[in-house]
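# Only the shape, not the letters, is given here:
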Ligand code: G4P
């Protein structure tokens with residue numbers, strides 16, 4: 001058996017998915033608190049609209065002139081190494097969030113106990129489902145008036161088509177929330193009395209729900225309800241099945257109150273015990289097993305530098321296999337060039353600057369000048385192409401103009417860089433001098449305008465464009481493609497790589513052109529190349 005099985009086996013790389021306000025930030029903080037990565041609650045806080053954790057990152061940021069927000073938080077707990085990947089938390093579609101989900105092996109879905117499943121939870125869940133990412137559910141805010149637990153379980157089952165098995169069962173809710181019964185370990189855990197933020201006790205081990213200890217520790221009506229409800233839940237829900245969970249068909253459900261530290265330990269233990277260690281990663285030719293000795297990795301996110309004086313970026317790379325060491329040389333498969341990993345940002349030690357190595361499942365930040373793009377592979381020589389890193393059909397298209405027309409050329413270069421980074425799609429219409437920018441969420445226009453102004457020094461404005469959607473056009477017959485392009489010049493554009501794109505004026509236009517050209521492929525997305 002390969003010698004690197006242990007460090008890989010103990011890794012748990014996961015993300016939290018939630019609708020804004022469900023408690024993702026609070027839960028992140030509490031997971032770090034229980035994991036011993038932070039000493040005090042309050043370390044993960046909204047700062048402006050960027051959420052950061054761990055002030056010691058600031059030093060790395062200052063030294064390198066690179067802003068590394070709390071994208072990866074690593075901590076050891078109970079024999080496991082957890083990599084918690086942050087997903088940006090606004091309501092708008094965020095491509096970054098989706099791509100982050102390609103780099104995790106499991107996810108925690110946080111649901112507000114009063115609201116149930118909300119819009120963004122559903123969308124993020126769908127992305128997890130596409131990749132069979134196993135989901136652990138945390139129903140948060142049980143200290144508030146909540147929906148009936150059966151209703152909540154039913155909603156998950158019906159709306160997400162996901163089997164549910166309660167891992168813990170809540171005793172009351174709102175002011176009457178007393179705690180939970182841990183069904184996996186037959187343990188009664190009660191809310192700590194007194195101040196908010198007190199750490200809950202480890203709980204009382206029971207011999208089952210009939211244990212007279214329960215009668216001694218809980219009011220009679222609460223015990224009766226608990227016994228009745230658990231009996232019903234056991235009759236209605238399937239028993240926990242590890243394989244079904246790992247395949248993404250069943251979710252264990254934990255109840256709690258993150259702000260009160262309640263239920264967090266059980267959740268963390270649950271992730272440690274149940275969530276998968278780094279999974280094999282698909283590539284065009286074969287599947288890469290995490291225990292392979294050669295290092296291989298793919299870029300799933302690029303973060304641009306916030307300092308306008310530097311053009312540096314950090315590429316976030318997920319290690320698919322092997323044992324990564326600072327200073328090693330890896331092949332950048334797209335260009336065929338060797339890259340020296342002389343100053344990777346490793347997130348693995350309490351003092352990050354001393355970290356020297358990483359394993360499959362870990363995330364490494366690689367500073368670069370724009371040569372790394374989303375989807376790129378780094379290997380010890382093999383020409384791997386990782387698949388399944390999503391590129392999104394731009395659903396909103398706008399024209400972008402520089403406030404100063406003399407800066408048009410500079411704007412073009414800035415847009416190309418942003419497109420390479422994966423921040424937006426950019427299209428140069430054949431017959432129009434202005435660039436068209438395509439995004440999947442409206443907020444991205446504002447973010448882009450801000451970035452172009454601050455990072456490239458070009459004030460710009462976006463304005464409506466007469467386009468409905470964009471399709472990449474491909475064909476096995478180059479002559480047919482050329483004649484299509486020539487015949488429809490007013491609707492054609494090139495993307496930042498020079499690939500032909502059809503810009504449809506409306507749904508009818510798209511439909512007609514697609515039908516009239518059966519030999520061409522009109523693609524909603526283009527694989528990142
Ligand atoms: P998000 O990242 O998913 O957007 O949610 P966040 O953790 O910021 O939580 C949203 C609000 O819900 C916060 O209140 C937070 O304190 C509260 N919250 C989180 N977990 C619980 C819980 O278990 N019980 C209750 N009652 N509230 C919870 P806020 O008023 O918006 O902010 P703050 O001033 O409390 O920080």
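Arrived safely, thanks for sending. Being a predicted model, the structure only gives us computed values, none of them experimental.

# Name the nearest residue to residue 356, ignoring sequence neighbours.
Nearest residue to residue 356, sequence neighbours excluded (Cβ to Cβ, 6 or more residues apart in numbering): residue 326, at 4.8 Å. In short, each C-beta sits where N, CA and C put it, glycine included.

# neighbours around that neighbour, how many?
By other Cβ atoms under 10 Å, the residues close to residue 326 number 14.

# do residue 76 as well
Residue 76: 14 neighbours (other Cβ under 10 Å).

# re earlier: let me see the contact set for the residue nearest to residue 356.
341-344, 346, 355-357 (Cβ atoms under 8 Å, 6 or more residues apart in numbering).

# ok, now with 10 Å
Residues in contact with residue 326 (Cβ atoms under 10 Å, 6 or more residues apart in numbering) are 341-344, 346, 355-358, 364.

# Could you pull out the strands in the stretch 301-450 of the chain for me?
Taking DSSP state E, counting those that start in this stretch, the strands of the stretch 301-450 of the chain run over residues 313-321, 323-325, 329-332, 337-340, 345-346, 357-359, 363-368, 377-379, 396-402, 425-429, 435-439.

# Could you name the helices and strands sitting against the last one?
Counting contacts by 3 or more Cβ pairs under 10 Å, 6 or more residues apart in numbering; DSSP states H and E, the secondary-structure elements packed against strand 435-439 are strand 396-402, helix 408-421, strand 425-429, helix 443-456, strand 460-464, strand 469-474, strand 492-495, strand 500-504.

# Show me which residues of it are buried.
435-439 (16 or more other Cβ atoms under 10 Å).

# any chance of those in CSV, with pLDDT too?
Rendered in CSV, the data for the buried residues of strand 435-439 read as follows (pLDDT from 0 to 100):
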residue, pLDDT
435, 96
436, 96
437, 96
438, 93
439, 88
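
# Same list, those residues, but as JSON lines with distance to residue 515 please.
Formatted as JSON lines, those follow (distance: Cβ to Cβ, whole Å):
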{"residue": "435", "distance to residue 515": "29"}
{"residue": "436", "distance to residue 515": "24"}
{"residue": "437", "distance to residue 515": "28"}
{"residue": "438", "distance to residue 515": "23"}
{"residue": "439", "distance to residue 515": "27"}
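
# which one of the residues you listed is nearest the ligand?
Within the buried residues of strand 435-439, the smallest distance to the ligand is 22.1 Å, found for residue 439 (Cβ to the nearest ligand atom).

# Tell me, how many residues neighbour the nearest residue in space to residue 459 that is not next to it in sequence?
Distance criterion Cβ to Cβ, 6+ apart; nearest residue to residue 459, sequence neighbours excluded, is residue 403 at 4.3 Å. Burial of residue 403, expressed as a neighbour count using other Cβ under 10 Å, amounts to 11.

# same question, the one 4 residues further on
As a burial measure, the neighbour count of residue 407 was computed by other Cβ under 10 Å and equals 18.

# mind checking how far the closest residue to it other than its chain neighbours is from residue 6?
Take residue 407 and drop its neighbours on the chain: the residue closest to it by Cβ to Cβ, 6+ apart is residue 458, 5.0 Å away. As for residue 458, its distance to residue 6 is 51 Å (criterion: Cβ to Cβ, to the nearest Å).
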